[in-house]
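Asks: I'll drop the sequence and a predicted model, then ask my questions.
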Amino acid sequence: MKFKQAHTLKEVAEIIGCTFVGNENHLVIGLNEIHRVEVGDLVFVDHPKYYEKALNSSATTILIDKEVECPEGKALIISSAPFDDYNRLAKHFSPFIPQYTMVGENCDIDSSAIIYPNVFIGHNVKIGANARIGAGVVIGDNTIIDENVIIGPNTVIGHSAFYYKKKASGYDRMHTCGNVHLKKDVEIGALCTIDAGVSATTVIGEGTKIDNLVQIGHDTVVGSHCLMAAQVGVAGCVTIKDNVTLWGQVGCASDVTLESGVTVFAQSGIGKDLEEGRTYFGSPCDDYKVKFRELAAVKKLPEIINNL
């Protein structure tokens, strides 16, 4: 999430009552979780295992639970509870605003867009020319829908991210302050769910077509001209590049990259990065030829056992 205007390190630290290391006039322009940080962002870290990753990330301000050596050009904010203080900042700069009408405030809906009955549109939503929004669709705050996008009935775009921290008392949700961007000529089927970025943007690229009953997790970026068949489930922070095809009931773990031109056969499970232009099958998936040979070998096991 980018702030409406840049804030100094001192200003940000004072919001959460924390000390800081660095120039008090060091600028913070937004906040983000570790997978999608950019230069100027604040990121949090609360475990030594991840200190190096956070300190060496693109983030230039690190909210951390221990004073460590600060990399050149960066700043630290020292907190006893970085996750909680990150949430406080997210809620401060992007507060939850209740809505009791079917269309929220500050929306920009093109006059040529077709909006069917019982569509709920949150605050600050933009809907482009010739978009078609099916009956019962829910569109969350700050969603951007470009021209010629089609969304099927009862789909939810921009629901809160599924992102929690486990504590002794249970699970604490990270406050969602990201959004969704559906680029031009995207088609989304019925009963799909595309979660908002927890702090960045969940993107569906130009010309991508998504079947019914598909789930896309927070901060996932899908490239152009991809195909996803029914009941595909993609976790958060996944990068799917252009011209990728996922057939029915494919499941994809978080924080992996599917390179351009990948095809994954139905009911496969993705748990690692996939290489450009290759075809995969199985759970865990591998090159489809390898998996087919494995299946053929398994069928021969009874005969082999009987001949022992």
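Replies: Great, that's in hand.
Asks: okay, CA-based contacts and neighbour counts for the rest of this
Replies: OK.
Asks: just the strands in the stretch 1-150 of the chain please.
Replies: Assigned by DSSP state E, counting those that start in this stretch, the strands in the stretch 1-150 of the chain fall at 2-8, 19-21, 27-31, 41-45, 61-64, 75-78, 108-109, 114-115, 120-121, 126-127, 132-133, 138-139, 144-145, 150-151.
Asks: can you redo the ones you listed as CSV with distance to residue 95?
Replies: CSV is the format used below for those (distance: least, Cα to Cα, whole Å):
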stretch, distance to residue 95
strand 2-8, 12
strand 19-21, 24
strand 27-31, 14
strand 41-45, 18
strand 61-64, 20
strand 75-78, 22
strand 108-109, 21
strand 114-115, 27
strand 120-121, 17
strand 126-127, 19
strand 132-133, 27
strand 138-139, 18
strand 144-145, 19
strand 150-151, 27
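Asks: can the ones you listed go into a markdown table with extra columns for mean pLDDT?
Replies: Supplementary listing: the strands of the stretch 1-150 of the chain in a markdown table, determined by pLDDT from 0 to 100:
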| stretch | mean pLDDT |
| --- | --- |
| strand 2-8 | 95 |
| strand 19-21 | 96 |
| strand 27-31 | 96 |
| strand 41-45 | 96 |
| strand 61-64 | 97 |
| strand 75-78 | 97 |
| strand 108-109 | 98 |
| strand 114-115 | 98 |
| strand 120-121 | 98 |
| strand 126-127 | 98 |
| strand 132-133 | 98 |
| strand 138-139 | 98 |
| strand 144-145 | 98 |
| strand 150-151 | 98 |
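Asks: nearest to residue 174, of those?
Replies: strand 41-45 (11.7 Å; Cα to Cα).
Asks: and the residue most central in space within the chain, what is it in contact with?
Replies: By Cα atoms, centre = their mean, the chain has its centre lying nearest to residue 219, at 1.5 Å. Neighbouring residues of residue 219 by Cα atoms under 8 Å, 6 or more residues apart in numbering: 36, 195-203, 236-238.
Asks: so which one among those residues has the lowest pLDDT?
Replies: Lowest pLDDT among the contacts of residue 219: residue 36, with 91.
Asks: which residue packs closest to that residue, ignoring adjacent ones?
Replies: Distances taken as Cα to Cα, 6 or more residues apart in numbering place residue 200 nearest to residue 36, at 6.7 Å, with adjacent residues excluded.
Asks: cool, and residue 108?
Replies: Leaving out its chain neighbours, the residue that sits closest to residue 108 by Cα to Cα, 6+ apart is residue 126, at 4.7 Å.
Asks: what about the residue nearest to the centre of the chain, distance to residue 115?
Replies: According to Cα to Cα, to the nearest Å, residue 219 stands 26 Å off from residue 115.
Asks: so residue 9 versus residue 91, what's the distance?
Replies: 18 Å.
Asks: these two: which has the busier surroundings?
Replies: Higher neighbour count among residue 9 and residue 91: residue 9, with 24 against 15, using other Cα atoms under 10 Å.
Asks: in stretch 16-28, which residues are buried?
Replies: 16, 20-22, 26-28 (16 or more other Cα atoms under 10 Å).
Asks: for these, which one is nearest residue 215?
Replies: Closest to residue 215, out of all of those and judged by Cα to Cα, is residue 28, at 32.9 Å.
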